[in-house]
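Asker: this is a predicted model, with the sequence first.
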Amino acid sequence: MTSTYTLSFTVGGLFLHEGVELARLRASGSTWGEVRKAAPAGVFVARGGASSVKRIRNEVLGRLSHLTETEIAHLAEAGMTDARALMWIAACRKYRILAEFAHEVLDERLRTFQPEIRASEFDGFLDGKGVDAGEIARLRPSTRARLRSGAFRMLREAELIDAENRVCAPRLSGALRDLLASGPGSGLDLIPGGG
């Protein structure tokens, strides 16, 4: 039986800076509990009230929990391109629908030299998934629009698509390529041109 899709990624975007800061706390030897307690004090100050801070903190920690400790350590020290890639990989590992979109649409567009992705293609992708997944088939148009907007926002923030919605293949460091290639479920396959 296929597991259900989690579709709550519409909160925020990639959370690049927050993810890097929390990864730095974790890589410095803090436990996840200490990271959770430290996060509101210094990482999300400009993000809104206490409930917003808690929601965003939990979302970022939830994504980071899908990275290995070695990937967290790399994220803590990485350049921006690698950091963007790791935060996208974390989001894809948490949200299967994003991983499947990366596999089925992003990589295909890059390989066929037709790099532009239109909103209608995301909608068609959701339609296809809805055939076998009731939770997707039952989505209201407004929810589908938020999912599309959230996905495209993360793709832009990860620099995996440009302002014209063309797929881009980032230049990952050799260290990140080696790290991702060495682990199970590598993550390189989630990056256009990576796998």
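Answerer: Nice, I can see it.
Asker: going by neighbour count, which residues in the helix-or-strand element of the chain with minimal mean pLDDT are buried?
Answerer: Ranked by mean pLDDT, DSSP states H and E, the weakest helix or strand in the chain is helix 32-42, scoring a mean of 77. By neighbour count on 16 or more other CB atoms under 10 Å, the buried set for helix 32-42 is 35, 36, 39. Where C-beta positions appear, they are placed from N, C-alpha and C, glycine not excepted.
Asker: do the same with stretch 124-135
Answerer: Buried, per 16+ other CB under 10 Å, within stretch 124-135: 125, 126, 129, 130, 133.
Asker: report the two of these separated the most.
Answerer: 125 and 133 (11.8 Å; CB to CB).
Asker: could you measure from residue 146 over to residue 56?
Answerer: 16 Å (CB to CB, to the nearest Å).
Asker: neighbour count: these two, which is higher?
Answerer: residue 56 (20 against 16; other CB atoms under 10 Å).
Asker: what helix or strand is that one located in?
Answerer: helix 50-64 (DSSP states H and E).
Asker: dump that helix to CSV, restricted to CA.
Answerer: Provided in CSV are the C-alpha atoms of helix 50-64 (Å, rounded to 0.1, in the frame of the first residue of the first chain):
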residue,chain,number,x,y,z
ALA,A,50,5.3,33.4,19.1
SER,A,51,2.9,31.0,17.3
SER,A,52,4.5,31.8,14.0
VAL,A,53,8.0,31.3,15.4
LYS,A,54,7.0,27.9,16.8
ARG,A,55,5.3,26.8,13.6
ILE,A,56,8.3,27.8,11.4
ARG,A,57,10.8,26.4,13.9
ASN,A,58,9.0,23.0,13.9
GLU,A,59,8.8,23.0,10.1
VAL,A,60,12.5,23.7,9.7
LEU,A,61,13.4,21.1,12.4
GLY,A,62,11.1,18.6,10.7
ARG,A,63,12.9,19.1,7.4
LEU,A,64,16.4,19.0,9.0
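Asker: that helix versus helix 32-42: what angle between them?
Answerer: Orientation check (axes from the mean of the first three to the mean of the last three CA atoms, to 10 degrees): helix 50-64 against helix 32-42 gives 140 degrees.
Asker: so how far is the very next helix or strand once past helix 50-64 from its chain's centroid?
Answerer: Using DSSP H and E, the helix or strand that follows helix 50-64 in sequence is helix 69-77. In terms of CA atoms, centre = their mean, to the nearest Å, the centre of helix 69-77 is set 16 Å apart from its chain centre.
Asker: how about helix 69-77: buried residues?
Answerer: 71, 72, 73, 74, 75, 76.
Asker: just the residues you listed now: which is nearest residue 152?
Answerer: Nearest member of the buried residues of helix 69-77 to residue 152, counting by CB to CB, is residue 75, at 22.8 Å.
Asker: now do the lengthiest helix in the chain: which elements does it pack against?
Answerer: Assignment by DSSP state H gives helix 141-157 as the longest helix of the chain. Other helices and strands packing on helix 141-157, by 3 or more CB pairs under 8 Å, 6 or more residues apart in numbering; DSSP states H and E, are helix 80-94, helix 96-101, helix 119-130.
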